[in-house]
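>>> sequence and predicted structure, then a few things I'm wondering about:
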Amino acid sequence: GEDVEQSLFLSVREGDSSVINCTYTDSSSTYLYWYKQEPGAGLQLLTYIFSNMDMKQDQRLTVLLNKKDKHLSLRIADTQTGDSAIYFCAENFSGGYNKLIFGAGTRLAVHP
Amino acid sequence: EPEVTQTPSHQVTQMGQEVILRCVPISNHLYFYWYRQILGQKVEFLVSFYNNEISEKSEIFDDQFSVERPDGSNFTLKIRSTKLEDSAMYFCASSERRGEANYGYTFGSGTRLTVV
């Protein structure tokens, strides 16, 4: 069945780069997404990548997609304390009615 | 920027009671969804709704759950006879269209349901 896996925690120093990794199982996914959840808030779409791309850059965010290994990563350059949140990887499950399959989320802690 | 609005933000209910979670999707969106997130666990798909009917539901979405779009603007999730394990954050989402061109939903801020 479909599944998305992420590491649960990442701690980085302010100003460093953060890399959050994700693996997925549905090789026919059309889109892969990164969502951010701040405490008490909803799911905010950060960025997405279409499955025929291998990289997408959006300001401080870089998404890398390795379709062969079904591996997705999110790199945040110059990480700030405001980036502290939970980051969810999600895939657009091709077999469903456009439902998203989420990972468990990676909690990013940014320290001075 | 258009938002998906969910009410209430937090609901506490006694086991066995019925609850209705409310959502106002973005006005020109046609597809509506409920997801839930049990504390510390994954965000899980519950149900999708289009053209006034359920288009897909997960195995979690059993007879205890129902959805409705009663008046063209609200989208509700009813949970009958709540159980302790229904305690979770429930997210509503809407999207303008489905298919390959759809690159994301808009999620609401969630309703935290606590069953005691």
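Good, I have the coordinates.

>>> could you use CA atoms for every contact and neighbour count after this?
OK.

>>> can you report phi and psi for the residue nearest to residue B:77 when sequence neighbours are not counted?
Once flanking residues are discounted, residue B:77 sits nearest to residue B:67: 4.6 Å by CA to CA, 6 or more residues apart in numbering or on different chains. When quoted as degrees, to the nearest 10, the phi and psi of residue B:67 stand at phi -130, psi 160.

>>> and residue B:84, by the same measure?
The phi/psi pair for residue B:84 (degrees, to the nearest 10) is phi -60, psi -40.

>>> residue numbers of chain A in contact with chain B?
Contact residues (CA under 8 Å from any CA of the partner chain) of chain A with chain B: A:30-31, A:33, A:40-45, A:48, A:96-105.

>>> narrow these to those in helices?
Applying DSSP state H to these, no entry is found in helices.

>>> pull the contacting residues for the residue nearest to residue B:77.
Residues in contact with residue B:67 (CA atoms under 8 Å, 6 or more residues apart in numbering or on different chains) are B:54, B:75, B:76, B:77, B:78.

>>> same thing but at 10 Å, please
Going by CA atoms under 10 Å, 6 or more residues apart in numbering or on different chains, residue B:67 touches B:20-22, B:33-34, B:47-49, B:52-54, B:61, B:75-79.

>>> same deal with residue B:92?
A:42, B:4-6, B:21-25, B:32-36, B:46-48, B:75-77, B:105-111 are the contacts of residue B:92 under CA under 10 Å, 6+ apart.

>>> narrow those to those in helices?
Going by DSSP H, the helices hold none of the contacts of residue B:92.

>>> excluding its backbone neighbours, what's nearest residue A:23?
Per CA to CA, 6+ apart, closest to residue A:23 is residue A:71, 4.5 Å.

>>> where does chain B have its least confident helix or strand?
For chain B, using mean pLDDT, DSSP states H and E, the weakest element among its helices and strands is strand B:106-107, scoring a mean of 88.

>>> would residue B:85 count as being in a strand?
No - in this structure, residue B:85 is helix, not part of a strand, as judged by DSSP: H, G, I helix; E, B strand; the rest coil.

>>> number of nearby residues for it?
11 (other CA atoms under 10 Å in any protein chain shown).

>>> residue contacts, it?
Residues near residue B:85 by CA under 10 Å, 6+ apart: B:15, B:38, B:114, B:115, B:116.

>>> wait, doesn't the second one sit right on residue B:90?
When you say that, I think you mean residue B:38. Yes - using CA atoms under 10 Å, residue B:38 is in contact with residue B:90, at 8.6 Å.

>>> low-confidence stretches in chain B?
Chain B contains residues with pLDDT under 70 at B:98-104.

>>> quick check, central residue of it?
The centre of chain B sits closest to residue B:34, judged by CA atoms, centre = their mean, with a distance of 2.8 Å.

>>> please identify which helix or strand holds the nearest residue to it once chain neighbours are set aside.
Distance criterion CA to CA, 6+ apart; nearest residue to residue B:34, sequence neighbours excluded, is residue B:92 at 4.6 Å. Under the criterion of DSSP states H and E, residue B:92 resides in strand B:88-95.

>>> hmm, back to that, from the contacts of residue B:67, list just the buried residues.
B:20-22, B:33-34, B:47-49, B:61, B:75-79 (16 or more other CA atoms under 10 Å in any protein chain shown).

>>> show me what contacts the residue of chain B found nearest chain A?
Residue of chain B nearest chain A, by CA to the nearest CA: residue B:109 (3.6 Å). Each residue near residue B:109 by CA under 10 Å, 6+ apart is listed here: A:37, A:40-44, B:3-7, B:9, B:89-93.
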